[in-house]
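>>> this is the structure alone, sequence omitted:
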């Protein structure tokens, strides 16, 4: 391994990531290494890590290589593997453009949640085609302390429990995962969103991301919230033929979510690269016993 490993740091609505460019998939990133890099005191710090790999070079993405040259090998801040990260896809696409791998316009990005279409505008925000939401049947409940709420089960390639509350402070500190029931609803854990109304088709959320704790933003979570809010409000674009657009405020900014008549969901928001540098491989080895 090289004594130096290139990295960048970026964020999408303050959902922040360590970015490791590794086109040929030669850098070993076990869970302990990812957790060390994402540590906010002893490492670089981030809610997660974006491992930038050519699809053809990664065993989990080779089948998607004909559709998407690049694979977002996304890891949570604790080192665990995640299916998708909506804010991460925008930052990933922004990095590809910055590095000269892609130009503005439409590109495809492979993820464990499937191939995502991304539109890079000439200036400003990035729009990601997030796919369709699945709405598993069955009642779900989430709790914080002595309070409990019914939650909408929404799957955006990763699982979400969306609870509408009177006050976002009711979500507590969100350091640990809010309990949910039944356990069978989310055998691999769940992202939990607490949501309040701000106006007509305008909501705000706080989120506990599985494997990361409370984050400043969650792209798939914002999509799940928009779908849950639309159904609560009696809007189903697949039935009416009319797209439903919701503004979703997150602690780190604002996202705009549109569910189209064909069920496809589009998320629009910013992506920022704030720094780049080199990781000392010797430090990384000592930080990962």
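Sure, I can see it. Here the structure is a predicted model, which is why all the values come from computation and not from measurement.
>>> residue 88 contacts residue 48, correct?
Yes: between residue 88 and residue 48 there is a contact under Cβ atoms under 8 Å: 6.3 Å. Quick note: C-beta positions are derived from backbone N, CA and C, even for glycine.
>>> in terms of neighbours, single out the busier of those two.
Counted by other Cβ atoms under 10 Å, residue 88 and residue 48 do not tie: residue 88 has more neighbours, with 31 against 26.
>>> pLDDT wise, what is that one at?
At residue 88, the pLDDT value in this model is 94.
>>> what's the overlap in contacts for residue 88 and residue 48?
Common neighbours of residue 88 and residue 48 (criterion: Cβ atoms under 8 Å, 6 or more residues apart in numbering): 15, 17, 74.
>>> and those residues, which of them are in strands?
15, 17, 74 (DSSP state E).
>>> ok, the first one - contacts?
Right, residue 15. 47, 48, 85, 87, 88, 215, 216, 217, 218, 219, 250, 252.
>>> if you rank these by neighbours, which is first?
Ranking the contacts of residue 15 using other Cβ under 10 Å puts residue 218 first, with 36 neighbours.
>>> now that residue: how far from residue 75?
15 Å (Cβ to Cβ, to the nearest Å).
>>> all helices for the stretch 151-289 of the chain, in order.
219-232, 237-240, 281-287 (DSSP state H, counting those that start in this stretch).
>>> return the most buried member of those.
Of all those, helix 219-232 carries the top mean neighbour count, a mean of 27, counting by mean count of other Cβ atoms under 10 Å.
>>> state the mean pLDDT of that one.
Model confidence over helix 219-232, given as mean pLDDT, is 97.
>>> domain map for the protein?
4-125+271-287, 140-269 (automatic domain parsing).
>>> reformat the ones you listed as TSV; add distance to residue 131.
Rendered in TSV, the data for the domains of the chain read as follows (distance: least, Cβ to Cβ, whole Å):
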stretch	distance to residue 131
domain 4-125+271-287	6
domain 140-269	6
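>>> out of the ones you listed, flag the one nearest residue 132.
Nearest of these to residue 132, taken as Cβ to Cβ: domain 140-269 at 4.2 Å.
>>> quick one: the closest one to chain centroid distance?
Taking Cα atoms, centre = their mean, to the nearest Å, one finds domain 140-269 lying 12 Å from the centre of the chain it belongs to.
>>> now the residue nearest to residue 253 when sequence neighbours are not counted: how far from residue 75?
Closest residue to residue 253 apart from its sequence neighbours, by Cβ to Cβ, 6 or more residues apart in numbering: residue 13 at 3.5 Å. Residue 13 sits 19 Å away from residue 75, going by Cβ to Cβ.
>>> ok, which stretches of the stretch 51-200 of the chain are strands?
70-76, 105-111, 114-120, 126-132, 140-144, 147-155, 159-164, 180-181, 191-199 (DSSP state E, counting those that start in this stretch).
>>> among these, which is nearest residue 262?
Using Cβ to Cβ, those put strand 126-132 closest to residue 262, at 8.2 Å.
>>> residues in contact with the closest one: which ones?
86, 89-90, 93-94, 113-114, 116-121, 156-157, 219-220, 223, 263-271.
>>> go on, stretch 173-182?
Under Cβ under 8 Å, 6+ apart, the answer for stretch 173-182 is 138, 140-144, 151, 161, 171-172, 186, 189-190, 192, 206-208, 210, 213-214.
>>> buried ones in that stretch?
For stretch 173-182, burial by neighbour count (16 or more other Cβ atoms under 10 Å) applies to 174, 177, 178, 180.
>>> with stretch 52-61 instead?
For stretch 52-61, the neighbour count (16+ other Cβ under 10 Å) marks 52, 53, 54, 55, 56, 58, 61 as buried.
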